[in-house]
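Trainee: Got a predicted structure here, sequence first:
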Amino acid sequence: MDGITYGRTLLLCTLLLWVFQVVSSGNVNVVVKPKVEVLKEENASLPCTVTPLTTGTIVEWYIDLGTRTRIAFCQGKEKKVDPGTPLTDRIKIGEDFTLTISSVKPSDELNFTCQVTDPAGSPDGTTSLKVFSAPEHPKLTTSQAITAGIPSSSEVGTCETKNGFPLPRIVWFRDAKPLPEVKDKQEKTYMVAKQVKETSGLITVTSSLYMQPMKEDKDSEFYCTVEYSMPGNKIETMDSNRIKINLNYPSDKIYFSLFNTSQPVKEGDTVTMKCETDGNPQPPFEFTKNGEEAQGKDGLLILKSVKRSDAAQYKCTALDFEIDFTLEKTIALTVDYIDPVKVTPAVSKVVMLGDKAAWQCRIKASRNHTVQWKKGSEVLSQNGTLSIQNVSYQNAGEYVCVGAVPSVPGLMSQASVNLTVKGKPVIDPPAPVKVGKEGDKVTLMCVAYGVPTPNFTWQPSGGEQSITVKGNKWVSTLTLKTTADMINGGVTCEVENEHGKDITVFPLSLEQVIKPDDEKGSQKDEAKRTTGYEDNRANFFFLLDW
Ligand SMILES: *[C@@H]1O[C@H](CO)[C@@H](O)[C@H](O)[C@H]1NC(C)=O
Ligand SMILES: *[C@@H]1O[C@H](CO)[C@@H](O)[C@H](O)[C@H]1NC(C)=O
Ligand SMILES: *[C@@H]1O[C@H](CO)[C@@H](O)[C@H](O)[C@H]1NC(C)=O
Ligand SMILES: *[C@@H]1O[C@H](CO)[C@@H](O)[C@H](O)[C@H]1NC(C)=O
Ligand SMILES: *[C@@H]1O[C@H](CO)[C@@H](O)[C@H](O)[C@H]1NC(C)=O
Ligand SMILES: *[C@@H]1O[C@H](CO)[C@@H](O)[C@H](O)[C@H]1NC(C)=O
Ligand SMILES: *[C@@H]1O[C@H](CO)[C@@H](O)[C@H](O)[C@H]1NC(C)=O
Ligand SMILES: *[C@@H]1O[C@H](CO)[C@@H](O)[C@H](O)[C@H]1NC(C)=O
């Protein structure tokens, strides 16, 4: 509930707490409320009850504006508002003599007197109208930087709260503790208050806080609170924003460290060294590298893509002239590195089948390192020596030597060589081939290694032939009709190049013939059906897997 809503609620309650002032003169009584409280812009109702009432009774409302001024009256049936008063446009007098003031202003805070004139007596009763308006939220602004520890007071901030009524009060707080109100400018801490009455009649209050802050006050939090009255003798409060003093104080300590830099530092990294002190503002800094001037800016020394030659003693010096001792700090920067991997011999090799191949890999790094020879993901050696005895075609390919410094993530280097194997052809062992019956077409594949390119000779020849390359293998594909000779003697594949030849026989065998009335055969048939085999094998091909 904000101040205004709370105030309104209170007002309603207050209006219910009727307290009457009874004034008697002769036999005539007049009853008014001694006090009516109302929020600005709302309507005020000031009752006046006269007993007994006779036809000759005159009831008049007066206010005191230096002179007693009538604002409205009632005589018999006649009810009139007097012209030319500050209230003329906003008042009404009711049948029961109640004076209603609409849209109350601060200037309406007056004494209203209900004057009765009657042959039997002339009593009067006075109602004091109290007007309330909650001020706006207080705003705390801070001014220029203050120097800590100087022997005169400086303005810490000014607090302003606008448009309150009646006069609101400002209380200062430091770290949630109220500061006693001091007006004496001879004191270290004091406040200077000002109030301005706006044309609306509302009051704007400002208060400036003066202090002699010490360095310890740099983290202190200040704010002000406005205290204001609301109907029903309520005092409400609103807090301002919180501020810290923009305090200047000299440096006592210096800090110099790697900033936003992953460690350990390796070649190629960007290194940022940050220098700062516990003073405010930060003094200018000077950087040196092994005693030589280095270029930094705003307390940061940035080395882009560092090299091992950047490893050095870096020093930051604070140039704070307000202190008579030197503030400086040193960083010993180390830069880890790994040299490009050196492979000897540095060239790819062409080796004859069955010969041997060997390489050496050397690595230089700033710390303990690993060296691995790899082919694909397979690690072949951990000691820098790669040695292959009795080279086979499978050994052909790319070999990579990887150097790494495990204690420095990301620090690695590598080099690769290729091994080419030359020699006579070698045929992969063939799988047995089954054919349905004589005359069926069969496809055979003869897969062989061999460098340089070998030629293929099939026996029997004929049919359809083609040659493809699969990695470092050659594949000759033959499709032909089976004959009885082939089933008895197989099909021969001969592969030859300048280094020699290899020869292999593809044995062909017939699928077992199944008699339909054979019980075992039927069972087999059943099994085959369930495994998805075709009963009719006229077009059944067996493809060699390679
Ligand atoms: C105050 O009085 C005016 C004029 O009589 C009326 O129009 C208005 O509704 C009243 N306001 C309230 C809050 O009663
Ligand atoms: C109203 O009357 C009281 C009592 O006489 C007096 O103290 C007060 O100052 C008067 N208020 C105004 C606004 O004139
Ligand atoms: C930290 O370093 C990264 C990459 O070096 C850079 O992109 C980033 O802006 C830096 N951050 C700060 C706060 O300097
Ligand atoms: C580096 O290697 C040497 C010899 O292999 C070993 O004695 C030493 O502990 C290693 N240092 C680290 C940090 O691993
Ligand atoms: C290097 O390692 C390989 C296999 O890991 C081994 O056969 C060879 O003897 C080692 N060589 C040396 C010089 O240690
Ligand atoms: C070299 O390897 C081939 C094929 O793997 C093998 O037949 C031969 O006996 C091996 N030779 C030696 C000297 O190990
Ligand atoms: C090794 O062979 C691959 C593929 O032919 C090639 O991309 C690569 O550059 C060769 N590497 C060397 C070191 O010759
Ligand atoms: C196959 O190659 C060998 C060696 O290169 C050669 O002697 C032979 O004549 C070739 N055969 C055919 C059929 O081309």
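Mentor: Structure received. Residues are numbered from 1 along each chain as shown. Ligands and ions are numbered 1, 2, ... in the order given.
Trainee: CA atoms for contacts and neighbours, from now on please.
Mentor: Noted.
Trainee: G463 reaches L444, doesn't it?
Mentor: No. Using Cα atoms under 8 Å, G463 makes no contact with L444, being 10.8 Å away.
Trainee: Return the residues in contact with G201.
Mentor: Shown in contact with G201 (Cα atoms under 8 Å, 6 or more residues apart in numbering): K105, P106, S107.
Trainee: Now I71: closest residue in space, sequence neighbours ignored.
Mentor: The shortest distance from I71 to any non-neighbouring residue, by Cα to Cα, 6 or more residues apart in numbering, is to D82 (4.9 Å).
Trainee: actually S207, not the one I wrote
Mentor: A193 (4.2 Å).
Trainee: Tell me which helix or strand the one you found sits in.
Mentor: Element membership of A193 [criterion: DSSP states H and E] is strand 190-197.
Trainee: Tell me where the model's unsure across the stretch 201-350 of the chain.
Mentor: 322-323 (pLDDT under 70).
Trainee: quick one: which helix or strand includes the residue nearest to P178 when sequence neighbours are not counted?
Mentor: Leaving out its chain neighbours, the residue that sits closest to P178 by Cα to Cα, 6+ apart is W172, at 5.7 Å. Assigned by DSSP H and E, W172 belongs to strand 169-174.
Trainee: Quickly run through the sheet partners of that strand, with directions.
Mentor: Note on strand 169-174: by DSSP bridges, its sheet partners are strand 177-178 (antiparallel), strand 221-230 (antiparallel).
Trainee: quick one: it to chain centroid distance?
Mentor: Centroid displacement of strand 169-174 relative to its chain, using Cα atoms, centre = their mean, to the nearest Å, is 36 Å.
Trainee: how far off strand 190-197 does that strand point, in degrees?
Mentor: 150 degrees (axes from the mean of the first three to the mean of the last three Cα atoms, to 10 degrees).
Trainee: Report the contact partners of Y190.
Mentor: Contacts of Y190 by Cα under 8 Å, 6+ apart are E181, V182, K183, D184, L209, Y210, M211.
Trainee: same question, E41
Mentor: S102, S103, V104, K105.
Trainee: How is it assigned, secondary-structure-wise?
Mentor: Assigned with DSSP: H, G, I helix; E, B strand; the rest coil, E41 falls in the coil class.
Trainee: Helices along the chain, start to end?
Mentor: Under the criterion DSSP state H, helices of the chain are mapped to 3-16, 484-489, 519-530.
Trainee: Return the list of helices and strands in contact with the shortest one.
Mentor: Think helix 484-489. strand 508-510 (3 or more Cα pairs under 8 Å, 6 or more residues apart in numbering; DSSP states H and E).
Trainee: Next, the contact list for N383, please.
Mentor: V371, Q372.
Trainee: ok, V23 touching T126?
Mentor: No. Applying Cα under 8 Å as the test, V23 and T126 come out as separate, 9.5 Å apart.
Trainee: Could you pull up the contacting residues of the residue of the stretch 51-200 of the chain found nearest ligand 1?
Mentor: Relative to ligand 1, the nearest point of the stretch 51-200 of the chain is S102 (4.5 Å; Cα to the nearest ligand atom). By Cα under 8 Å, 6+ apart, the residues touching S102 are E41, E42, N43, A44, R90, I91.
Trainee: Now, of these, which are buried?
Mentor: N43, A44, I91 (16 or more other Cα atoms under 10 Å).
Trainee: For ligand 5, state which of the residues you listed is nearest.
Mentor: Nearest to ligand 5 among the buried ones among the contacts of S102, with distances taken as Cα to the nearest ligand atom, is N43, at 101.3 Å.
Trainee: still on that earlier bit, most tightly packed of the strands paired with strand 169-174?
Mentor: Neighbour counts (mean count of other Cα atoms under 10 Å) averaged over each of the strands paired with strand 169-174 peak at strand 221-230, with a mean of 23.
Trainee: to the chain's geometric centre, what's the distance from that strand?
Mentor: Taking Cα atoms, centre = their mean, one finds the center of strand 221-230 at 35 Å from the center of the full chain.
Trainee: what sits up against it?
Mentor: 7, 10, 132-135, 138, 140, 159, 161, 164-176, 235-245.
Trainee: Report the separation between the residue of the stretch 1-150 of the chain found nearest ligand 7 and S154.
Mentor: In the stretch 1-150 of the chain, the residue that lies nearest ligand 7 is A145 (66.2 Å; Cα to the nearest ligand atom). Noted for A145: a distance of 9 Å to S154, by Cα to Cα, to the nearest Å.
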